[in-house]
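K.L.:
no sequence on hand, only this structure:
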């Protein structure tokens, strides 16, 4: 679907601003994580670089989404001093491209799982065993969601949404059951932070299916369009920027635990 | 050929999104490989820099291809809320420039072979012997393909396509026969990964002639245009991004094998 056919001034402004907010958050989290590599030991730097890559890819897509949104809707005539009279109509042949979100998720969601595992520095065998389960499952989850997203038929939307939930549950199983076995060897501080990281992942990833189901509940007007964009944008900022910063915190804690000389140099002992 | 004369909404969207996907993949793989240089020993860094250069050159060309595509097709009138009624027509005098792909390949394909040889750190004589065969052969392969790509005559297309296959087969001969002699001295892990790298090269490079032959099979409508773009884009992402990441993995494995102190610092012992 190319988007709803018309938006009010408020709906247009709110969507415009939340997209710009998400774009700024992504760009500067990516830069922050890149320049902070020296703050962790070399073995944790890949986790930071992957986190920065995730935010960078999302920044690129928010740039495109923002441009697509502001090109797609054009204000019709109204009174210049009365924004309430302005109506933003979807341009024929331009359309708002929701597809960018799926392209973004297809690239970033597997990488979010890579950074989660990378920061634990589990050793090659354990790491490979987890990633060969998580990466295909996460790609499958996104791919199965897409046919439902572009469909205007609600049954189709529900069927693909349900199919997409199966790999999601499998991912949760791997993170909450399989991963726990590997956590026993981690320092106590780190165990607690990793536990919070998993909950953050669960809470933010849970926003996506809610936004996805808006049209099923019959919410396909300007307001639900706006709330879906707000929902997806906030979920993306939490799942990518905040998540990346928590990964950074874990990498710091583990660096201090691994090397007291490094902790001292960083003034953290 | 400047592209087909008209596309449906679905054909336009699918092509648009796959080009954006390839662009994002190229940019961020290039950046990832650049910032990950500290993760391998200095002797393998040139392979990473060359891999990043390949993805960077491809990112530049995908940017141009994406802009060329979205400028070339303009939607005719239709109903705003019914994308199925939108038709995207080729603008006279603009045209979709397929030539970017050939310029890209002319630069990146020889470099892909350079990174393949560089990561093996074979020693100067063996390296030079392989590169003086592979680089001219790969440039010849691209140059011989181009007259066929721009021709509307199917016999011309077939003749140049066949000529282009000769240096391709010579490249495979060098990689699978000549290179094997140099692999005997490599660590076991690395031998297996290099073996998979060659198969990846063979599998992804095999997509290009298939896309090239679409018009010969009489497939020159909107659907075959879309599938050719999808085919070329996915092949490019696999042949450049995935290939570069496998090169990075080989460089990591070889760094650990060369220096146990480095492996320890990276938490990989």
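P.N.:
Structure received. Just so we're clear, the structure is a prediction, and the values are computed from it rather than from any experiment. Numbering: from 1, shown residues only, chains lettered A, B, ... in the order given.
K.L.:
quick one: the strands in the stretch 51-200 of chain A?
P.N.:
All strands of the stretch 51-200 of chain A, identified by DSSP state E, counting those that start in this stretch, fall at A:73-75, A:87-90.
K.L.:
out of those strands, which is closest to chain B?
P.N.:
Closest of these to chain B is strand A:87-90, at 4.8 Å (criterion: Cβ to the nearest Cβ). (Each C-beta comes from the backbone N, C-alpha and C, glycine too.)
K.L.:
how close does residue A:54 sit to chain B?
P.N.:
Counting by Cβ to the nearest Cβ, to the nearest Å, the gap from residue A:54 to chain B is 9 Å.
K.L.:
let me know whether that residue touches residue A:115 as I believe.
P.N.:
Yes: between residue A:54 and residue A:115 there is a contact under Cβ atoms under 8 Å: 6.8 Å.
K.L.:
mind checking which of these two has more residues around it?
P.N.:
The neighbour comparison of residue A:54 against residue A:115 (other Cβ atoms under 10 Å in any protein chain shown) goes to residue A:54, with 30 against 25.
K.L.:
thought residue A:253 was touching residue A:263, still the case?
P.N.:
No: at 9.8 Å, residue A:263 does not count as touching residue A:253 under the criterion of Cβ under 8 Å.
K.L.:
the more surrounded of those two?
P.N.:
For residue A:263 and residue A:253, the more surrounded residue by other Cβ under 10 Å is residue A:253, and the numbers stand at 22 against 16.
K.L.:
mind listing what the more buried one touches?
P.N.:
Each residue near residue A:253 by Cβ atoms under 8 Å, 6 or more residues apart in numbering or on different chains is listed here: A:187, A:189, A:190, A:193.
K.L.:
and those, which is closest to residue B:222?
P.N.:
Checking these against residue B:222 by Cβ to Cβ gives residue A:193 as the nearest, at 51.8 Å.
K.L.:
element containing the closest residue to that closest one other than its chain neighbours?
P.N.:
With sequence-adjacent residues excluded and distances taken as Cβ to Cβ, 6 or more residues apart in numbering or on different chains, residue A:193 is closest to residue A:250, at 5.1 Å. Element membership of residue A:250, judged by DSSP states H and E, is helix A:243-258.
K.L.:
now whichever helix or strand comes after that helix: buried residues?
P.N.:
On the C-terminal side of helix A:243-258, the closest following helix or strand by DSSP H and E is helix A:260-265. Using 16 or more other Cβ atoms under 10 Å in any protein chain shown as the test for burial, helix A:260-265 gives A:262, A:263.
K.L.:
how far away is the residue nearest the centre of chain A from chain B?
P.N.:
With distances taken as Cα atoms, centre = their mean, residue A:236 lies nearest the centre of chain A, 3.4 Å away. Relative to chain B, residue A:236 is positioned 15 Å away (Cβ to the nearest Cβ).
K.L.:
quick one, what contacts that residue?
P.N.:
Per Cβ under 8 Å, 6+ apart, neighbours of residue A:236: A:22, A:26, A:58, A:62.
K.L.:
average pLDDT for the helix or strand hosting it?
P.N.:
Residue A:236 belongs to helix A:222-236 when elements are defined using DSSP H and E. Averaged across helix A:222-236, the pLDDT comes to 89.
K.L.:
I'd like the strands of the stretch 51-200 of chain A as TSV, with distance to chain B, mean neighbour count and mean pLDDT appended.
P.N.:
Converted to TSV, the strands of the stretch 51-200 of chain A look like this (distance: least, Cβ to the nearest Cβ, whole Å; neighbours: other Cβ atoms under 10 Å in any protein chain shown; pLDDT from 0 to 100):
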stretch	distance to chain B	mean neighbour count	mean pLDDT
strand A:73-75	11	16	86
strand A:87-90	5	19	85
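K.L.:
can I get the ones you listed in JSON lines with distance to residue A:121?
P.N.:
Listed next are those as JSON lines, based on distance: least, Cβ to Cβ, whole Å:
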{"stretch": "strand A:73-75", "distance to residue A:121": "47"}
{"stretch": "strand A:87-90", "distance to residue A:121": "49"}
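K.L.:
quick one, which of those gets closest to residue A:212.
P.N.:
strand A:87-90 (20.9 Å).
K.L.:
which elements pack onto that closest one?
P.N.:
Contacts defined by 3 or more Cβ pairs under 8 Å, 6 or more residues apart in numbering or on different chains; DSSP states H and E place strand A:87-90 against strand A:6-8, helix A:9-35, strand A:73-75.
K.L.:
does chain B have contacts with the longest one?
P.N.:
Yes: with Cβ under 8 Å from any Cβ of the partner chain as the measure, helix A:9-35 is seen reaching chain B through residue A:34.
K.L.:
so what's the residue count around residue A:224?
P.N.:
18.
K.L.:
out of the strands of the stretch 51-200 of chain A, flag the one nearest residue B:46.
P.N.:
The nearest among the strands of the stretch 51-200 of chain A, by Cβ to Cβ, is strand A:73-75 at 48.5 Å.
K.L.:
how far out from the middle of the chain is that closest one?
P.N.:
On the basis of Cα atoms, centre = their mean, to the nearest Å, strand A:73-75 sits 28 Å off its chain's mean C-alpha point.
K.L.:
mind listing what that strand pairs with, with the direction of each?
P.N.:
If you go by DSSP bridges, strand A:73-75 pairs up with strand A:87-90 (antiparallel).
K.L.:
before we move on, the earlier item: out of the helices and strands packed on strand A:87-90, indicate the one that is most buried.
P.N.:
strand A:6-8 (a mean of 21; mean count of other Cβ atoms under 10 Å in any protein chain shown).
K.L.:
which helices and strands sit right next to that one?
P.N.:
Packing partners of strand A:6-8 (3+ Cβ pairs under 8 Å, 6+ apart): strand A:87-90, helix A:222-236.
K.L.:
of all those, which lies closest to residue A:18?
P.N.:
helix A:222-236 (4.7 Å).
K.L.:
mind listing what's buried in stretch A:55-68?
P.N.:
Quick answer for stretch A:55-68 (16+ other Cβ under 10 Å): A:55-66, A:68.
K.L.:
mind checking how far the residue nearest to residue A:193 is from chain B?
P.N.:
Applying Cβ to the nearest Cβ, the value for residue A:250 to chain B is 14 Å.
K.L.:
in JSON lines: the buried residues of stretch A:55-68, plus distance to residue A:136 and pLDDT.
P.N.:
Listed next are the buried residues of stretch A:55-68 as JSON lines, based on distance: Cβ to Cβ, whole Å; pLDDT from 0 to 100:
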{"residue": "A:55", "distance to residue A:136": "23", "pLDDT": "97"}
{"residue": "A:56", "distance to residue A:136": "23", "pLDDT": "97"}
{"residue": "A:57", "distance to residue A:136": "19", "pLDDT": "96"}
{"residue": "A:58", "distance to residue A:136": "22", "pLDDT": "96"}
{"residue": "A:59", "distance to residue A:136": "26", "pLDDT": "97"}
{"residue": "A:60", "distance to residue A:136": "24", "pLDDT": "96"}
{"residue": "A:61", "distance to residue A:136": "22", "pLDDT": "95"}
{"residue": "A:62", "distance to residue A:136": "26", "pLDDT": "96"}
{"residue": "A:63", "distance to residue A:136": "29", "pLDDT": "95"}
{"residue": "A:64", "distance to residue A:136": "26", "pLDDT": "93"}
{"residue": "A:65", "distance to residue A:136": "27", "pLDDT": "93"}
{"residue": "A:66", "distance to residue A:136": "31", "pLDDT": "94"}
{"residue": "A:68", "distance to residue A:136": "30", "pLDDT": "89"}
